[in-house]
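[1] Here's a sequence, model it:
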Amino acid sequence: MSDFLIDIEYEGITSRLKRLSDTLLYSTKDLYKSEGLDIDPNWNLIFRLLQEHEEMTITEMADTLQFSHPAVIKIVKKMKKQGYINSYADENDKRKQVLSLTSKANKHIKTFETYWLAGTKVVEDLFKDSPNLLRELTKIEEKVNQLDYKQRVLLKLKTK
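    Here you go, the predicted structure:
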């Protein structure tokens, strides 16, 4: 049986990217669970940011990752619940929460890093036949940042 998303070519590209992302995400979740790690796949981003910057606000994280605030809040809430994130109100603006890694996070991070490094090597292996993928993905992201999908579709509809 053929793969419909491949058959419809560019019309299926976003679904194919989502499918690939979901496949990797769920497999990573399964790996962590089977290894007894109480973390989620995208937490490494927050761990790495806080390792590098020691303290950050949600806004700073969202801006750095180019994620929505709600997406970062969702990740951070889960990490706080598991005891990996400390937070306190910013002295200048009590609405802002300043985040840092807990002692539990610092205790376990070397173990997590072992899995993250192995995972990175696996992704590199998966994409080794596509050496320009990261560069090409960056180009596409830059184009979408200049003019988003909605704007581009509306422009195509006007120029018909």
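[2] The helix or strand harbouring E141: what's the following helix or strand?
    Per DSSP states H and E: E141 is located in helix 133-146. Sequence order places helix 149-158 as the next helix or strand after helix 133-146, per DSSP H and E.
[3] relative to helix 133-146, how tilted is that following helix?
    70 degrees (axes from the mean of the first three to the mean of the last three CA atoms, to 10 degrees).
[4] List phi and psi for the residue nearest the centre of the chain.
    Residue closest to the mean C-alpha point of the chain, counted by CA atoms, centre = their mean, is N42 at 5.1 Å. Note on N42: backbone dihedrals following degrees, to the nearest 10 are phi -90, psi 0.
[5] thinking it is in contact with I75, fair?
    Yes. At 6.0 Å, N42 and I75 qualify as touching, with contact defined as CB atoms under 8 Å. Any C-beta I mention is one placed from the backbone N, CA and C, and that applies to glycine too.
[6] just the helices in the protein please.
    Here the chain has its helices, by DSSP state H, at 4-7, 13-34, 43-53, 58-65, 69-81, 103-126, 133-146, 149-158.
[7] Give me the neighbour count for H69.
    Neighbours of H69 under the rule other CB atoms under 10 Å: 12.
[8] That one and Y115, how far apart?
    Noted for H69: a distance of 28 Å to Y115, by CB to CB, to the nearest Å.
[9] again with D93
    When distance is defined by CB to CB, D93 is 36 Å away from Y115.
[10] for H53, same thing?
    Applying CB to CB to H53 and Y115 gives a distance of 22 Å.
[11] okay, those two: which has more neighbours?
    Just comparing H53 and Y115: by other CB under 10 Å the higher neighbour count belongs to Y115, 16 against 13.
[12] State whether the more buried one and S34 are indeed in contact, as I suppose.
    No. The criterion here is CB under 8 Å, and Y115 misses it with S34 at 11.2 Å.
[13] How about G83: what's its closest non-neighbour residue?
    Spatial nearest neighbour of G83, chain neighbours left out: K104 (4.7 Å); criterion: CB to CB, 6 or more residues apart in numbering.
[14] follow-up on the earlier one: what sits against the residue nearest to the centre of the chain?
    By CB atoms under 8 Å, 6 or more residues apart in numbering, N42 lies in contact with 25, 75.
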